[in-house]
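Q: have a look; sequence and predicted model below, questions after that.
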Amino acid sequence: MSQPPAPDAPQTPTVPPGAWAPPAHAPFGPPAGADGSQPGAAGAPGAQPGIPTGWSAPPAGAYAPPPGYAPPAGYAAAPVAASAPVYGAPPARRSSVLGVVALALALVATVGASLVAAIASYRIGLGAGRQITAGALDSDFDWSILTPVRDWVLLGEVSFWVGTALGVWALVQGVIAIVTARGRGAGIAAVIVAALGPIVFGGVVQGFLTAGLTAGTGMGA
């Protein structure tokens, strides 16, 4: 009849196949040299600068996870939001639509309004040229002289006010486009064109009104 093992006899745990088992011996060497010297002591056999004497590097794979190991589900990395800024990446290019729209408004306010006003001014001078030149152009001007061409006068006034509104809009939007860098080049052009709009409008009206008066009175013949 066999005797049971002594209580202080070392027991070797049974490790199932494929499971990770702790190493049978410590991965590091003894903390002190064989001659009793302290780690890192000067003059110890095999001592190297900055490396304690008697210590060795851990074997390859000593800290590798066991086969079949998977991280816990609760510690999965959170997905990065699509809108989160990426440091080091080039800044996103802003749209230039704001500046382009401002430039288009400035062109309509300057060129479009001046063209309509040119036609209306010429027709006013052509239709009421004789009455205008016959009357005295002072504070007591008789506005009834413009009755035959009242439709052209109304068209000229509408072109003036529409051009003014669009010009102010283009000026403000052009400044915003410059400050926010959303079509800065087009915004600068819009500001310049909108600022020159009143000068161009006045010069066109004066020139075509004079041409209409000349043609209406026959002074150019």
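A: Here it is on my side, so go on.

Q: where in the protein is pLDDT low?
A: 1-58, 61-62, 71-92, 131-143, 218-221 (pLDDT under 70).

Q: check which helices and strands the longest helix seen in it sits against.
A: Longest helix in the chain, counting residues (DSSP state H): helix 184-217. Contacting helix 184-217 under the criterion 3 or more C-beta pairs under 8 Å, 6 or more residues apart in numbering; DSSP states H and E are the following elements: helix 97-107, helix 113-134, helix 150-180. Bear in mind the C-beta positions are built from the backbone N, C-alpha and C, glycine included.

Q: and it, which residues are buried?
A: 184, 186-191, 193-194, 197-198, 200-201, 204-205, 208-209, 211-214, 216-217 (16 or more other C-beta atoms under 10 Å).

Q: deepest-packed of the helices and strands packed on helix 184-217, please.
A: Highest mean neighbour count of these: helix 97-107, a mean of 22 (counted as mean count of other C-beta atoms under 10 Å).

Q: for that one, name the packing helices and strands.
A: Under the contact criterion of 3+ C-beta pairs under 8 Å, 6+ apart, helix 97-107 touches helix 150-180, helix 184-217.

Q: may I see those helices organised as CSV, with distance to Ala120 added?
A: CSV is the format used below for these (distance: least, C-beta to C-beta, whole Å):
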stretch, distance to Ala120
helix 150-180, 4
helix 184-217, 8
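
Q: out of the ones you listed, which comes closest to Leu126?
A: helix 184-217 (4.3 Å; C-beta to C-beta).

Q: Ala211 is in contact with Ala129, correct?
A: Heads up, residue 129 is Gly, not Ala. No. Applying C-beta atoms under 8 Å as the test, Gly129 and Ala211 come out as separate, 10.1 Å apart.

Q: nice, that's everything, thank you.
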